[in-house]
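A.B. asks: Below: sequence and its predicted model.
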Number of protein chains: 2
Amino acid sequence: MAPRGYGQDCSIARALEVVGERWTLLIVRNAMGSDCRFESLLDSLGIARNVLAQRLSTLVEAGILERIPYRDRPVRHEYRLTGRGRELAPVLAALMQWGERNCPGAQPAPDRALVHTRCDHPVDLVLRCRSCDESVPTSELVSDPGGPATGDPPADNRPLTATAATGPDTH
Amino acid sequence: MAPRGYGQDCSIARALEVVGERWTLLIVRNAMGSDCRFESLLDSLGIARNVLAQRLSTLVEAGILERIPYRDRPVRHEYRLTGRGRELAPVLAALMQWGERNCPGAQPAPDRALVHTRCDHPVDLVLRCRSCDESVPTSELVSDPGGPATGDPPADNRPLTATAATGPDTH
């Protein structure tokens, strides 16, 4: 997890040290859908047994999954997302959205959704401007290495503040 | 890009086939900050020359970057994000936000931001419920493999619809 030099001491780089690998995020995706047992993950992902074991250990060490016994003889475990793991939902939502737009599948997309439990309605991923409060298309975004001139974080409990998706211009 | 069996014909999996690798997303991050020349990327990323060349080719083939000459003798190119590449901004914003919360750096985070060009104010990444229109914390999200019961997409030009960040329960 050590920064690899200038430009790497960045929250995106640090996040990718933990989750920047195909299998890791697919395991998290499945765990969000209650697919959290070793044999089940092995079947659905088509991943090698040793690779899956290694990725699960990494995710437990990183505090993204926790390992919980569900049977005694023989002992079997399942892997549940921690709060930190659940916070990866926006990453998966953003990848899903990009994939839906840019990588069409062989079959029509299934009707999966991230749903707000209190309302039972789906959620949308939005980049919202702090000034005009509008949803901002990516064509109207620019990276500002100097940081925001003004603007407070949003008032809800858990602001999903998007300060800094990019590296500085001096890279 | 071929699906690897059941559970892999999923927009998240397809997106990760293209961008699910540490260097790829760091190159996109730098390109959003105008760092788009080979030697500059080489310096700032600390990546091997052959690996960088290979990742840039992949990104050009995938339509995420375009290769544009900026000098004649000798010919030198720079790599600019396409529209498709710019649409990765929410993925970077989500990774940045998760990294800021969960992978603190050795130094205080720099004041980088994604800024709305029309307002010159930073944007926030929000998961917004279509019913109550509130920002939804990840603790109130659930994956619904059957899809939304109700709810229309948002009315703005480019809805960032987060249908399906997770796999079905049967994985």
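C.D. replies: Thanks, I have it. Residues are numbered from 1 along each chain as shown, chains lettered A, B, ... in the order given.
A.B. asks: can you tell me which strand in chain A is longest?
C.D. replies: Of all the segments of type strand in chain A, defined by DSSP state E, the longest one is strand A:121-129.
A.B. asks: mean confidence for that strand?
C.D. replies: The average pLDDT within strand A:121-129 is 87.
A.B. asks: Just checking that strand against chain B, any contact.
C.D. replies: Yes. Residues of strand A:121-129 are located near chain B by C-beta under 8 Å from any C-beta of the partner chain, namely A:His121, A:Pro122, A:Val123, A:Asp124, A:Leu125, A:Val126, A:Leu127, A:Arg128, A:Cys129. Where you see a C-beta, it was placed from the backbone N, CA and C, and this is true even at glycine.
A.B. asks: what angle do that strand and strand B:121-129 make?
C.D. replies: 170 degrees (axes from the mean of the first three to the mean of the last three C-alpha atoms, to 10 degrees).
A.B. asks: Quick one: list the elements packing against the helix or strand just after strand A:121-129.
C.D. replies: Moving toward the C-terminus from strand A:121-129, the next helix or strand (DSSP states H and E) is strand A:141-144. Packing contacts for strand A:141-144, counted by 3 or more C-beta pairs under 8 Å, 6 or more residues apart in numbering or on different chains; DSSP states H and E, involve strand B:113-116.
A.B. asks: Sheet partners, orientation included, of the least confident helix or strand in chain A by mean pLDDT?
C.D. replies: Lowest by mean pLDDT, DSSP states H and E among the helices and strands of chain A is strand A:141-144, with a mean of 73. Strand A:141-144 sits in its sheet next to strand B:113-116 (antiparallel), going by DSSP bridges.
A.B. asks: hang on, A:Leu65 packs against A:Gly85?
C.D. replies: Yes. With contacts counted by C-beta atoms under 8 Å, A:Leu65 reaches A:Gly85, the gap being 5.9 Å.
A.B. asks: Show the model's pLDDT score for A:Pro108.
C.D. replies: 63.
A.B. asks: secondary structure class for A:Glu66?
C.D. replies: strand (DSSP: H, G, I helix; E, B strand; the rest coil).
A.B. asks: For it, report the pLDDT, please.
C.D. replies: In this prediction A:Glu66 is given a pLDDT of 96.
A.B. asks: Which residues does it form beta bridges with?
C.D. replies: Beta bridges link A:Glu66 to A:Arg80 when assigned by DSSP bridges.
A.B. asks: Which residues are in contact with it?
C.D. replies: A:Val60, A:Tyr79, A:Arg80, A:Thr82 (C-beta atoms under 8 Å, 6 or more residues apart in numbering or on different chains).
A.B. asks: rerun that using 7 Å as the cut-off
C.D. replies: The contact partners of A:Glu66, by C-beta atoms under 7 Å, 6 or more residues apart in numbering or on different chains, come to A:Val60, A:Arg80, A:Thr82.
A.B. asks: Okay, it and chain B: tell me how far apart.
C.D. replies: In this view, A:Glu66 and chain B are 15 Å apart by C-beta to the nearest C-beta, to the nearest Å.
A.B. asks: before we move on, the earlier item: a markdown table please, covering the residues of strand A:121-129 next to chain B and showing distance to B:Val19 and neighbour count.
C.D. replies: Shown next, in a markdown table, are the residues of strand A:121-129 next to chain B (distance: C-beta to C-beta, whole Å; neighbours: other C-beta atoms under 10 Å in any protein chain shown):
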| residue | distance to B:Val19 | neighbour count |
| --- | --- | --- |
| A:His121 | 29 | 20 |
| A:Pro122 | 24 | 28 |
| A:Val123 | 22 | 30 |
| A:Asp124 | 21 | 24 |
| A:Leu125 | 16 | 26 |
| A:Val126 | 21 | 23 |
| A:Leu127 | 18 | 26 |
| A:Arg128 | 24 | 20 |
| A:Cys129 | 25 | 23 |
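A.B. asks: Looking at those residues, which is nearest A:Val28?
C.D. replies: Relative to A:Val28, the closest of these is A:Leu125; by C-beta to C-beta it sits at 16.4 Å.
A.B. asks: isn't the closest one right next to B:Pro90, touching?
C.D. replies: Yes. When contacts are counted by C-beta atoms under 7 Å, A:Leu125 is listed as touching B:Pro90 (6.0 Å).
A.B. asks: Can I take it that A:Tyr34 is in a strand?
C.D. replies: Rather than Tyr, residue A:34 is Ser. No. Assigned with three-state DSSP, A:Ser34 falls outside any strand and is coil.
A.B. asks: phi, psi of it?
C.D. replies: Main-chain torsions, A:Ser34, degrees, to the nearest 10: phi 70, psi 20.
A.B. asks: Which pLDDT value goes with it?
C.D. replies: 74.
A.B. asks: before we move on, what about A:Arg112?
C.D. replies: 58.
A.B. asks: those helices in chain A, which residues are they?
C.D. replies: A:11-19, A:22-32, A:38-45, A:49-61, A:83-86, A:89-102 (DSSP state H).
A.B. asks: Switch those helices over to TSV; also include mean neighbour count.
C.D. replies: Formatted as TSV, the helices of chain A follow (neighbours: other C-beta atoms under 10 Å in any protein chain shown):
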stretch	mean neighbour count
helix A:11-19	24
helix A:22-32	24
helix A:38-45	18
helix A:49-61	15
helix A:83-86	17
helix A:89-102	25
